[in-house]
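[1] make a model of this:
(3 chains)
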Amino acid sequence: MTKKQQATRLYAVFEELPQVRRALKHLGTDNAEPNNLEIRSMIPLSEDLMPDATELRSRVPLLAILGGILGGFGAYFLGTHAPTIGSQATMSGPPVAIFIFEGVALGAVLFSFATVLTECGMPRLRWKPDPFDHHIAAGRIVVSVDTTEDAINDWAADAMATEVLPRD
Amino acid sequence: MTRWGMVIDTDICTGCEGCVVACHAENNIQTVGEEEAAKGRAMHWLRIERHYEGTFPDIKVRFVPVLCQHCGDAPCEPVCPTYATYRTPDGLNAMVYNRCIGTRYCANNCPYTVRFFNWHAGDWPAPLDRQLNPDVSQRPAGVMEKCTFCVQRIHDAQDTAKDEGREVADGEIQPACAQSCPAQAITFGDLNDPDSRVAQLARSDRATRILNDLGTDPSVVYLQGENRGNQGNGENTP
Amino acid sequence: MSGQIHSSGIKPTEQTPESQLLKPLGGPQPGLILGSLVTGALVALLFYCWGYQIRYDIGVTGLSRPNFWGFYITNFVFWIGISHAGTLISAILRVTGAEWRRPVTRCAEAITVFALCVGGLLPLIHLGRPWLFYYMMPIPSRNLLWPNFNSPLVWDILAITTYLTGSVLYLALPLLPDFAILRDRNLRSNPSGFRARLYSLLAAGWRGTPQQWHSLEQGIRVMAIIIIPVAVSVHTIVSWDFAMTLQPMWHSTIFGPYFVVGAIYSGIAMLLVTMYILRRGLGLQQYLSDAVFNNLSLLFIAMALIWAYFTFAEHLTVFYGNEHAEMAVYNERISGQFAPYFWTMIVLNIAVPVFVLAFRAGRKPLASALVGIGVIIGMWLERYIIVVGTLSVPRLAYTSGGYQPSWVEIGIMISLFGLFGFLYFMFLQFAPIVSIWEVREGEHIAHLGKAIGTSEPMLRTMPEES
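    Okay, the predicted model is just below:
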């Protein structure tokens, strides 16, 4: 399959989740290799959608912990790096615990947010609309895949609507 | 190490309030005016509390001058978010006007209620401004202040002694209140110097401290005739 | 699949007219515009009063010696307390898997964020020299100033900053899919309009792929887990502004948990009131249904009882200790000058909620919202009694004194309610106040639980709009 033959992208709108599952099973049997398969939906769907049941992975918990550790150290140095004033003790124990706690929380929160954005490829400030976006907003599922020019594929037989666009 | 302290003899105090006036004059304390005073904003770094004892016709009044106690373990110090109040090595609880942003937390934690806030800036219309003491800064509005044991006089005496190549002598430093008391009820000096007058008086068997049970370790010792009940019962009698 | 719209909960196979949720976002709404203008006028009042106070010094307040703290700190604790509404609903209920929280999470989180914005202003407003507030920040400077981390006020700054950041991000994350929905709808109906561009920007490229959903859900789950201890710590630290002093009836170990319980309590009260206003004003009966009010009222009455328990324990301890300075404050509170406020508080916070909410009729929307108003007033009074009640009765009784708020303090207090309302009205006009995707997801999950191999559509369809 040369690149020239995969010059189009097929978009298909499905009403129901079982239809999507059947369609994904069929994808391998057509003469179109599922390149750049994208499934888009309005709510999170169950994870067995991917054709070869690839595990969805997210680094968020790990990076949240990392962010917490960094935040904790940061807070510790922030609080204890203080000039000594007269004969008053610079820092006593319990306040150190308090702001290390806050630092851990802040670090974890910021890191998890940043990780979510990074893993989602966001923020993407220029939005290029796709043909069936409004169907997603209506609650349907849109599956799109790069395919060949002769694009009526069986796997999209259940679809409510299909559209073929030149791939860019 | 020096520890500046004060002994006040309440058996001698006549309640004349000369010390209050002297403190005002020495430290550029504003007179807030009738309206503000009615709101409870009068600023007397040193106040004379009157405690009546007994019933008519056997009433006795005890006059107790209360000022910043310059606590060894001051509750006002750890709560200031900007380190505007701290303990100096020679035993003063210092107030740094420049750092004060006016959260007023220190005043809330002072059990003696001896801190005062500049709700408005002081006003000395001419020619009153000629009475201002140039050694003491005028505080802007929004800043906390309190008795400093006349730190300007302490520094002045220390500078003079250093210029003359000697130690500061006992009794050389007199805060305005001690200086002006006609009954000589207020004595000031180094509590850590066992030969100083203030240390000798503090060893008297009439000695007591206010609210001592709170653990504030005040530097001001009060002398009173009868050791009235518990010294540390938190009650209003010293 | 259209049937009767029941107001007793979300049934998975019913049509839920999201048009109600999308109506405020379609264009200018007279009611919302009017609300924004009125509250905007109050925000102008805030600027005026605060500006007056900065110009003419903080002496324009009614504060004095010994009442160095008054309305401003009362309101500060009050607003930070209100902010615990969102955390309870959207975080604790999410973590424990309570599905009925779905319609409520966003309006609750919005309350949290805006209450924190309002409450966070108050430490600035109450400063004597607010233009020097940055002395409390750990910013290196030539002055070698560093904040005193021993001070509970500095802990306040850290805690509130962390909580505000966390809450904003926690509000923002679940908004992304909803902004995507709005983007797609607006791009179809009015591609060159302002809203299409706004939502294209706000949705930040959300596509709704399984990987994105997985990341998002992990992120929301992690943040929900983090934000719960942060919320507990925030109001604990605010309470330690008082408990870390030596003042009678402030220096109490119960203050940490007591204030957290009180915060959740007042937060639920504000949430009930807000939900009722949204339900009536925007016609959201299907989402903010009777069942949701019922469940929230049950939580509410539980918090009332816990709060009552803490209050009783605190006062009993003081009474038995019979310590001179504490009893002076206690007597003023129970039978002295603060007695009217104290007993009103007891009635509004304990008697009314328990006796009204114990009955099913009392847990209906209007009744519970009215009880909520009473609790908001009662919890405000609680903070006032704690702050001013102790300060007016100092240890050295010679210096006791009264406190009267001035017009500046009252004006700022009222205008802060206006600021909260203004922020909320603005939010209503740009984001759906019920999380569209979470409600749908809830229906989907409920339906999955019921349907076994049916051919019914598992996602509802929207009527095509031209």
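[2] give me the most central residue, chain A.
    Taking Cα atoms, centre = their mean as the criterion, A:Cys120 is the residue nearest the geometric centre of chain A, at 3.5 Å.
[3] just give the closest residue to it, not the sequence neighbours.
    Nearest-residue entry for A:Cys120: C:Gln212, 4.4 Å, with adjacent residues in sequence omitted and distances by Cβ to Cβ, 6 or more residues apart in numbering or on different chains. The way it works is simple: take the backbone N, C-alpha and C, and place the C-beta from them, glycine included.
[4] what is the helix ranked longest in chain A packed up against?
    In terms of residue count, the longest helix belonging to chain A (DSSP state H) is helix A:93-119. Packing partners of helix A:93-119 (3 or more Cβ pairs under 8 Å, 6 or more residues apart in numbering or on different chains; DSSP states H and E): helix A:60-80, helix C:152-189, helix C:210-243.
[5] wait, which of those helices is closest to B:Gly15?
    Checking the helices and strands packed on helix A:93-119 against B:Gly15 by Cβ to Cβ gives helix C:210-243 as the closest, at 35.6 Å.
[6] quick one: buried residues of the following helix or strand past that closest one?
    From helix C:210-243 onward toward the C-terminus, using DSSP states H and E, the following helix or strand is helix C:255-282. For helix C:255-282, the buried set under the neighbour-count rule, 16 or more other Cβ atoms under 10 Å in any protein chain shown, comprises C:255-256, C:258-279, C:282.
[7] now the longest helix of chain A: mean pLDDT?
    Mean per-residue pLDDT for helix A:93-119: 93.
[8] what's the first helix or strand after it?
    Tracing the chain C-terminally past helix A:93-119 and defining elements by DSSP H and E, one meets helix A:133-137 next.
[9] list the contacts of that next one.
    With Cβ atoms under 8 Å, 6 or more residues apart in numbering or on different chains as the contact definition, helix A:133-137 has outside contacts at A:13, A:40-42, A:142, A:160-161, C:180-185, C:187-188, C:208, C:462.
[10] mind redoing it with 7 Å?
    Contact partners of helix A:133-137, identified using Cβ atoms under 7 Å, 6 or more residues apart in numbering or on different chains, comprise A:13, A:40-42, A:142, C:181, C:184-185, C:187-188, C:208.
[11] over to stretch B:2-14?
    Counting by Cβ under 7 Å, 6+ apart, B:62-65, B:90-92, B:149, B:154, B:183, B:185-188, B:190-192, B:198, B:201-202, B:219-225, B:238 sit against stretch B:2-14.
[12] show me which of those residues are buried.
    When neighbours are counted using 16+ other Cβ under 10 Å, the contacts of stretch B:2-14 contain these buried positions: B:62-65, B:90-92, B:149, B:154, B:185-188, B:190-191, B:198, B:201-202, B:219-224, B:238.
[13] pull up the per-residue confidence for residue 41.
    Defaulting to chain A. A:Ser41 carries a pLDDT score of 90 in this model.
[14] could you do chain C instead?
    The predicted structure lists C:Ala41 with a pLDDT of 97.
[15] let me know the secondary structure of it.
    The local conformation at C:Ala41, judged by DSSP: H, G, I helix; E, B strand; the rest coil, is helix.
[16] contact residues of chain C facing chain B?
    With the criterion set to Cβ under 7 Å from any Cβ of the partner chain, chain C comes near chain B through C:57-59, C:64-66, C:68-69, C:127-129, C:132-133, C:135-136, C:145, C:147-148, C:150-154, C:244-247, C:324-325, C:391, C:394-399, C:401.
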